[in-house]
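Asks: Sequence plus the predicted model coming up.
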Amino acid sequence: MGTKDDIEAAVAKIFKSTWTTRNGTKVPEQGDIGLGNDGVLIEGTILYADLDGSTAMVDKYRKEFSAEIYKAYLDSTARIIRSENGEIVSFDGDRIMAVFIGDSKNTRAVRCGLKINYSVKHLVMPALITQYPKVDFKIKHVVGIDTSPLLVARTGIRGSNDLVWVGPAANYAAKLTELSSDYPTWITHRVFDKMSDDVKSSSGTSMWEPRTWTPMNNLSIYRSTWWWRVN
C-alpha cells in the first residue's frame, strides 16, 4: 500500500469508529488516551500566553537575542503557571498553553495571567535592560483565558502524536491573544462570572474593562492592564 491508500484507510477508520469517552478528574497525559477515537471529558480553563511582535523581533535582532527573549518569557511564564497549580500542556514557538481544573480554576488562571504581566514588567524587563542597556527593545505579550467543557483526544500517528483540546475554551483563549497587547490580559465573560472578587477589583476599583468582541458574535469579554505581584 502507498501513502494515498494509507491515508484513505486511516481517515475512513476515524470517521467510522465509535467514540469511547469518560469523565476525567485530572489533566490527562498522552499515555491515558488511545490513538483511536478515545477521549477524556473535563471541565477546564485554558490559558494561552503569547509574545507579541516576535516576527518583527527576529527580523531586526540577532537570533541569539531573540532566543533569549523566548526563553526568558516562556521560562518565567511556566514557573508562574506551576505556582498556580496549572498544567502546561504545550509549547508552540513563542507561546505556551496551560489548563486549570478544580473548583478555583478560573480564579487561579486569572491570577496567573496577572502575575505573568507583573513578571514581564518587573522581573524580565529589568533583567533585559541590565544585560543589554543599549538595546531598544520592549517585551510585549498577551494572555487569553476562557473556560468550557473540553474533550481531550490524542491525534497524530504512531511514534509522532500529541493531545488535542477540543472545546470553545481552547479556541477562544488562543484567539484572545491576537488582541491588543496594550491590555496584556483578556478573558471571556464565562471566566469573569466565575472568578472570585479578589481578582475582579482592588480597593473598590475594578481591574477589568468590559468590551464586546464584535468579530466573535459580539461575545462579552474583559481586558486589563493590572498585575499581581509575584512573591
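Replies: Sure thing, it's come through.
Asks: Confidence-wise, which helix or strand of this structure is lowest on average?
Replies: helix 54-60 (a mean of 87; mean pLDDT, DSSP states H and E).
Asks: and the very next helix or strand once past it, what other elements does it pack with?
Replies: Once helix 54-60 ends, the next helix or strand along the chain (criterion: DSSP states H and E) is helix 63-83. The criterion is 3 or more CB pairs under 8 Å, 6 or more residues apart in numbering; DSSP states H and E, and the helices and strands that helix 63-83 contacts are strand 38-52, helix 54-60, strand 87-92, strand 95-100, helix 105-119, helix 125-131. C-beta here means a position set from N, CA and C on the backbone, and glycine is covered the same way.
Asks: how far off strand 95-100 does the third one point, in degrees?
Replies: Taking axes from the mean of the first three to the mean of the last three CA atoms, to 10 degrees, one finds strand 87-92 and strand 95-100 inclined to each other by 160 degrees.
Asks: can you give me the angle strand 87-92 makes with helix 63-83?
Replies: Going by the same axes, to 10 degrees, strand 87-92 makes 160 degrees with helix 63-83.
Asks: Show me what strand 87-92 pairs with in its sheet, parallel or antiparallel.
Replies: Sheet pairing of strand 87-92 (DSSP bridges) gives strand 95-100 (antiparallel).
Asks: roughly how far is the partner strand from the heart of the chain?
Replies: How far strand 95-100 lies from its chain's middle: 4 Å, per CA atoms, centre = their mean, to the nearest Å.
Asks: So which bits of it are buried?
Replies: 95, 96, 97, 98, 99, 100 (16 or more other CB atoms under 10 Å).
Asks: Need the residues that contact it.
Replies: For strand 95-100, contacts defined as CB atoms under 8 Å, 6 or more residues apart in numbering pick out 27, 42, 44-51, 74, 77-78, 81, 84-91, 106, 108-109, 112, 150, 165, 170, 173-174, 177.
Asks: hang on, the earlier thing: who touches the least confident helix or strand of the chain?
Replies: So helix 54-60 is in contact with 51, 66, 69, 70, 93, 94, 137, going by CB under 8 Å, 6+ apart.
Asks: One more: stretch 213-228?
Replies: 111, 114-115, 117-118, 121-122, 172, 175-176, 179-180, 182-189, 192, 199, 202, 207-212.
Asks: ok, the most centrally placed residue in the chain - contacts?
Replies: Taking CA atoms, centre = their mean, the centroid of the chain lies closest to residue 48, which sits 1.5 Å from it. Shown in contact with residue 48 (CB under 8 Å, 6+ apart): 95, 96, 97, 143, 144, 145, 173, 174, 176, 177.
Asks: what's across from the second one in the sheet?
Replies: Looking back up the chat, that one is residue 96. Beta-bridge partners, per DSSP bridges, of residue 96: residue 49, residue 91.
Asks: try the fourth one
Replies: Applying DSSP bridges to residue 143 gives these bridge partners: residue 49, residue 185.
Asks: For it, give its distance to residue 59.
Replies: Relative to residue 59, residue 143 is positioned 24 Å away (CB to CB, to the nearest Å).
Asks: Find out how far stretch 16-26 is from the centre of the chain, if you would.
Replies: Counting by CA atoms, centre = their mean, stretch 16-26 comes out at 23 Å from the chain centroid.
Asks: Check stretch 27-41 too.
Replies: For stretch 27-41, the distance to the chain centre is 20 Å (CA atoms, centre = their mean).
Asks: Now do the buried residues in that stretch.
Replies: Per 16+ other CB under 10 Å, stretch 27-41 contains these buried residues: 27, 28, 33, 37, 38, 39, 40.
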